[in-house]
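Pasting the sequence and the predicted model now:
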Amino acid sequence: MSKQDDLQCAPAGPNPDSMLESGATVINHSMILVQRLEALLVQGNGSDVTLRVQTLHSDEVKVIAAHALVLSLQSEVFEGLLHSRNSSSLTLREPMDCAAVFDKFIRYLYCGEIAVQLEQAIPLHKLASKYRVTALQTGLSLYMTQHLASDSTNGHVVSWYHYAMQTGDVALRDSCLQFLSWNLSSVFHSGEWGSVSDDLLLSLLQRSDLILQSELELFEALEAWIGQNQPGGLTIENSLRAVRYAMISPQQLFRLQKQSPVLLKYHESVRDLLYMAFQFHSASPLQLAKYFDVNCSLFTPRNYLSAAWGSPWIINNPTRDDRSTSFQTQLGPSGHDASKKVTWNALFSPRWLPVSLRPVYTEHGAIQAARSDNGHPRIIVTPATSSADFAGVSFQKTVIVAARQQGKVVVRHVYNFHQSTEETGDFLAEADLQKRASEYLIDSSLYMHIVVKPIYHSLIKAKK
């Protein structure tokens, strides 16, 4: 096929030239132009500048025959360097990771496209930042945000978070932090847990939206991190004080006090927290609230996936009809309530309509039309019975929705409410559950996990 055979005709698009003439058709040769620019780079025809890319702390030099016009059009930094050069060559000194991908970076300047692998994202972003290629910077930040779930040998989310902190990329930083928080159990068992910095560790430990099996799992992961990184004493003390010991059973706390090397060494740093945790386990929440501030983080649960806190719920073909399930949780994490259970009823409706939008049936059987609305998914979670034990406690429900991204099952969304997801107003608002290939479905099923968290209130004051 000749180059002329590659010509394509397309309907007029929203560009200035096509808008000047009504009914005009755009003849698009842009791909041929890109191919010829790439050939120009590969063959070096008409080159007027030689880039000598020297790897720092090395004798390795990469030579690229380039064109000053192209480089100047794409980068104002290159424009300045080329303007001030004294010869036909330009020497650039780059760290090893950036030098390794420099030819890819230059190709992007010619072709406007680039193939990126996970380990290349940061060095390419460094080059785009250094030479002020804004479009590539933005594209790589978006790439990293969209590939947090991708598999890599040693993990990459932690390193991307640290890089985002260095560069001030707030959107990437927040995306990485949320991903780590919502998939923390898998991070614990990955190679990148040990690479978490002191600051990132403390940021994670202070969050209540962490999703993990239990607070004990968090403590054990923290102990492993301390053993691997050997941080300073202040970091160890601060991290140990961020553990919510009241969410660990008394039996497990006794074991930790006797068997944990870290807790044995730093027991004095958390003695007051352990004392309050044992008091929490020995009295009812109502009695505890008379004398202590139960709104502090020590008594606030995170999103625990163990059976005592909730239940997974997999709904096959979720758009078919309403579904319901029942499950039991502990009344609360207090050892005082260890034997008390609460039964919860959950109802999922794929197309729930508020009462105001439902059709009205008159006494003659006629249907009064309601405002057109296709409805939206909703979950209602309520206790099967009420109890006096609920005094001083409200229950926050959290629905965790999982999805498959880049072949890995990860948490996609987290919704918090008291009785119904209607309170949040955005439950699965962007999910098209009708599509079998919906990114919210795994093998045509909706994967959820319902967590019930008791929130304690200081409603009663001690008499003076």
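Thanks, I have it.

going forward, measure contacts between C-alpha atoms and count neighbours the same way
OK.

Distance check, the residue nearest the centre of the chain against residue 149.
Nearest to the mean C-alpha position of the chain, by CA atoms, centre = their mean, lies residue 179 at 2.5 Å. Relative to residue 149, residue 179 is positioned 8 Å away (CA to CA, to the nearest Å).

now residue 98, what's its secondary structure?
Secondary structure, DSSP: H, G, I helix; E, B strand; the rest coil: residue 98 is helix.

tell me what the host helix or strand of residue 136 is packed against?
Residue 136 is part of helix 134-146 when elements are defined by DSSP states H and E. Under the contact definition 3 or more CA pairs under 8 Å, 6 or more residues apart in numbering; DSSP states H and E, helix 134-146 sits against helix 121-130, helix 170-182.

Determine the set of other helices and strands touching the longest one.
The contact analysis (3+ CA pairs under 8 Å, 6+ apart) places helix 170-182 against helix 134-146, helix 157-167, strand 211-212.

Leaving out chain neighbours, which residue sits closest to residue 133?
Of all residues beyond its chain neighbours, the one nearest residue 133 is residue 75 (5.8 Å), with distances taken as CA to CA, 6 or more residues apart in numbering.

okay, the helices and strands packed on helix 170-182 in TSV with mean neighbour count, distance to residue 343 and mean pLDDT next?
What follows is the helices and strands packed on helix 170-182, written out as TSV (neighbours: other CA atoms under 10 Å; distance: least, CA to CA, whole Å; pLDDT from 0 to 100):
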stretch	mean neighbour count	distance to residue 343	mean pLDDT
helix 134-146	16	39	97
helix 157-167	19	38	96
strand 211-212	21	22	97
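
low-scoring stretches of the stretch 351-464 of the chain, by residue?
Low-confidence segments of the stretch 351-464 of the chain (pLDDT under 70): 353-374, 389, 458-464.

May I see the buried residues of the helix or strand hosting residue 349?
When secondary structure is defined using DSSP H and E, the element that contains residue 349 is strand 341-352. Judged by neighbour count using 16 or more other CA atoms under 10 Å, the buried positions of strand 341-352 are 342, 344, 346, 348-350, 352.

and what of stretch 266-283?
Counting neighbours by 16+ other CA under 10 Å, the buried set in stretch 266-283 is 267, 269-270, 273-274, 276-282.

And for that stretch, what's in contact with it?
Contacts made with stretch 266-283 from outside it, assessed by CA atoms under 8 Å, 6 or more residues apart in numbering, are listed as 237, 240-241, 245-246, 249-250, 257, 288, 298, 333-336.

Only the C-alpha atoms, please, for it, written as CSV.
These are the backbone C-alpha positions of stretch 266-283, laid out as CSV (Å, rounded to 0.1, in the frame of the first residue of the first chain):
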residue,chain,number,x,y,z
TYR,A,266,8.3,0.9,74.5
HIS,A,267,5.7,-0.1,77.1
GLU,A,268,6.0,3.1,79.0
SER,A,269,5.2,5.2,75.9
VAL,A,270,1.8,3.6,75.5
ARG,A,271,1.0,2.6,79.1
ASP,A,272,-1.8,5.2,79.4
LEU,A,273,-3.4,4.0,76.1
LEU,A,274,-3.3,0.3,77.2
TYR,A,275,-4.8,1.3,80.6
MET,A,276,-7.7,3.1,78.9
ALA,A,277,-8.2,0.1,76.5
PHE,A,278,-8.5,-2.3,79.4
GLN,A,279,-11.0,0.1,81.1
PHE,A,280,-12.9,0.2,77.8
HIS,A,281,-13.2,-3.6,77.8
SER,A,282,-14.3,-3.8,81.4
ALA,A,283,-17.3,-1.5,81.4
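
What's the mean pLDDT across that stretch?
The predicted model assigns stretch 266-283 a mean pLDDT of 94.

how close does residue 325 sit to residue 396?
18 Å.

Comparing these two, which shows the higher neighbour count?
A side-by-side neighbour count of residue 325 and residue 396, using other CA atoms under 10 Å, places residue 396 first with 15 against 12.

That one pairs with what?
When assigned by DSSP bridges, residue 396 has beta-bridge partners residue 453.

Please verify my assumption that it contacts residue 418.
Yes. Using CA atoms under 8 Å as the test, residue 396 is close enough to residue 418 to be in contact (4.9 Å).

if we can go back for a sec, any chance of the helices and strands packed on helix 170-182 in TSV with distance to residue 201 as columns?
Written out in TSV, the entries for the helices and strands packed on helix 170-182 read as follows (distance: least, CA to CA, whole Å):
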stretch	distance to residue 201
helix 134-146	20
helix 157-167	10
strand 211-212	15
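
Tell me which of those approaches residue 95 most closely.
Go through the helices and strands packed on helix 170-182 one by one with CA to CA and the one that ends up closest to residue 95 is helix 157-167, at 15.4 Å.

tilt between that closest one and helix 170-182?
An angle of 150 degrees separates the directions of helix 157-167 and helix 170-182 when computed by axes from the mean of the first three to the mean of the last three CA atoms, to 10 degrees.
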